[in-house]
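>>> model this:
(2 chains)
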Amino acid sequence: MAYREAVQPKIIITGADLTRIVDRIAHQILEKTDGARDTILLGVPTRGVPVAHRLAARIRAFEGVEVPVGTLDITLYRDDLRLRGARALGPTDLPPGGIDGRRVILVDDVLFSGRTIRAALDALADLGRPRIVQLAVLVDRGHRELPIRADYVGKNIPTAIDESVRVMLTETDGTDEVRITGKDSA
Amino acid sequence: MNIRHLLSASDLDRRDATAVLDTATEMAAMAGREVKKLPTLRGKTVVNLFYEDSTRTRISFEAAAKRLSADVINFSAKGSSVSKGESLKDTALTLQAMGADAVVIRHPASGAPHRLAHWIDGTVLNAGDGTHEHPTQALLDAYTMRSRHGRIEGLKVAIVGDVLHSRVARSNVHLLHTLGAHVTLVAPPTLIPVGVTGWPADVGYDLDAVLPGVDVVMMLRVQRERMTDSFFPSEREYARRYGLDADRVRALPSHAIVMHPGPMNRGMEIAPEVADSARSTIVEQVANGVSVRMAVLYLMLGGVK
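Presented below is the predicted three-dimensional model:
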């Protein structure tokens, strides 16, 4: 019985939930960063980028603060290239003024093994020296393989290692929701 | 990319070639950074095996490999066991024993990279073989055209000069055809190869008739070191009929660019004032060479187990 449930794709966060989660993280960032002073958001492609833009838009709506948004492609810093093959690169765009001396909040959709964030930290070190680096994710699904944690978490979702968590966003997938799927139906 | 070796520009289909150009665009963004180094090819060994003199290509491959953190071993025929008579095969087996992940080879004999690819396990990258091919040059030329014109599809490209001895021309004809550009070769009849009828390109003998209709004019070096016959009466006559001077540049459409793979014979195939003008992309081509070769190395070695 439990097995049958696991293989059906299950919506665990709806579009309305997702909006509330982004609002909450935006508030938390404002609270923890003294009104987002000297702060930039760096989205990790693919889905971290629209999330970063949404956070910036909410922060602007709440307090009228413009938070610069950039993207940070980590492909060339991955530790699994050898296993999974060379793949297409995404863009890396830093906001004007760069990252030196600023608060950088990395934004991604799902936090899983932590290896993506490890790669992002290496990439950041080659781009400059931020004063502080924080991490915001929509979903923390556990199963960390490195000592990395998020500062802002949309939702903690305990998962089995063989399940997959799929964040869908209007900008990239045409709809807003988060699904969990057992590995057999994938 | 699903190819193991890059021996000819025709090894690349449109998807692969576009992937190289797109990746090169991202690699180029890296050149403006403070730390121009990526960890991507850490632990890989790239051997530059050069049997012919080269400045641009060797340095460019070396810089590209180093920016991706590969270890680079430079090997030139001069000052090595080759001058004692070692064969290409024995040199290849030596490289194989050293565990080279990639060998970048330039050789005066057409087909040498192809032979090498049968002898070693690593990836072979052709950096110019005789009068055959020079695929990474064609890629960097295509990259330069795309960055100046925004597209390659539909561009009209004239390749002018010593087509007979030019591996750059061969590779460019193949790649530009793959990417949807239209190529016209312009040269004295003596410098057009016999097999040209099978190439996806037009042939013309009158430079002045071709220039007003092109988006790109690519001048080729007159390769005196490969010329055993008299292909044209005198250098002055060649320059007068096929050299790109300021008057001919005025006949070009205003958006057209002037390219040359280097090294140039200033005053022969290209006038100095043209080579140094704002239309010339010659220095840009060198800079783009590093980005394009980084892209090739990443796509071909990045995923190898």
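>>> all contacts plus neighbour counts: C-alpha atoms, from now on.
OK.
>>> Neighbours of residue 39, how many?
In the absence of a named chain, chain A is used. Look at A:T39: counted by other C-alpha atoms under 10 Å in any protein chain shown, it has 25 neighbours.
>>> hm, I was asking about chain B
Neighbour tally, B:P39, other C-alpha under 10 Å: 17.
>>> State the distance from the nearest residue to it once chain neighbours are set aside to B:E26.
Setting aside the residues directly before and after it, B:P39 is nearest to B:S69 in space (C-alpha to C-alpha, 6 or more residues apart in numbering or on different chains), at 5.4 Å. The spacing between B:S69 and B:E26, counted by C-alpha to C-alpha, to the nearest Å, is 17 Å.
>>> for the closest residue to chain A within the stretch 101-250 of chain B, what are its contacts?
Nearest to chain A, among the residues of the stretch 101-250 of chain B, is B:D101, at 12.9 Å (C-alpha to the nearest C-alpha). Applying C-alpha atoms under 8 Å, 6 or more residues apart in numbering or on different chains, one finds that B:D101 lies in contact with B:44-46, B:121-123, B:301.
>>> Pipe these into TSV and attach pLDDT, distance to B:N265 and neighbour count per row.
As requested, these are exported to TSV (pLDDT from 0 to 100; distance: C-alpha to C-alpha, whole Å; neighbours: other C-alpha atoms under 10 Å in any protein chain shown):
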residue	pLDDT	distance to B:N265	neighbour count
B:K44	94	37	19
B:T45	96	35	20
B:V46	96	31	27
B:D121	93	39	17
B:G122	93	36	22
B:T123	96	34	23
B:L301	93	36	23
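>>> Could you tell me the end-to-end distance of stretch B:140-157?
Where stretch B:140-157 begins and where it ends lie 15 Å apart, using C-alpha to C-alpha.
>>> what packs against the longest helix along chain B?
Assignment by DSSP state H gives helix B:282-301 as the longest helix of chain B. With contacts taken as 3 or more C-alpha pairs under 8 Å, 6 or more residues apart in numbering or on different chains; DSSP states H and E, helix B:282-301 sits against helix B:14-30, helix B:56-67, helix B:135-149.
>>> Strands of the chain, start to end?
This is for chain A. In chain A, the strands defined using DSSP state E lie at A:10-13, A:39-43, A:69-71, A:103-111, A:132-140, A:152-156, A:164-168, A:177-181.
>>> wrong one, I was asking about chain B
Under DSSP E, chain B gives strands at B:45-50, B:71-76, B:102-107, B:123-129, B:156-160, B:182-186, B:202-204, B:216-219, B:257-259.
>>> okay if I get the helices and strands packed on helix B:282-301 as CSV plus distance to chain A, mean pLDDT and mean neighbour count?
Shown next, in CSV, are those (distance: least, C-alpha to the nearest C-alpha, whole Å; pLDDT from 0 to 100; neighbours: other C-alpha atoms under 10 Å in any protein chain shown):
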stretch, distance to chain A, mean pLDDT, mean neighbour count
helix B:14-30, 6, 94, 20
helix B:56-67, 11, 96, 22
helix B:135-149, 16, 98, 23
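>>> Make CSV out of those helices and add distance to A:I12.
Shown next, in CSV, are those (distance: least, C-alpha to C-alpha, whole Å):
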stretch, distance to A:I12
helix B:14-30, 36
helix B:56-67, 43
helix B:135-149, 45
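>>> Look up the closest residue to the residue of the stretch 101-250 of chain B closest to chain A, ignoring the ones flanking it.
B:G122 (4.7 Å).
>>> Where does chain B get nearest to chain A, residue-wise?
B:G303 (3.5 Å).
>>> Can you give me the neighbour number for the residue nearest to that residue when sequence neighbours are not counted?
Ranked by C-alpha to C-alpha, 6+ apart and with sequence neighbours excluded, the top spatial neighbour of B:G303 is A:G85, at 3.5 Å. Using other C-alpha under 10 Å, A:G85 is surrounded by 17 other residues.
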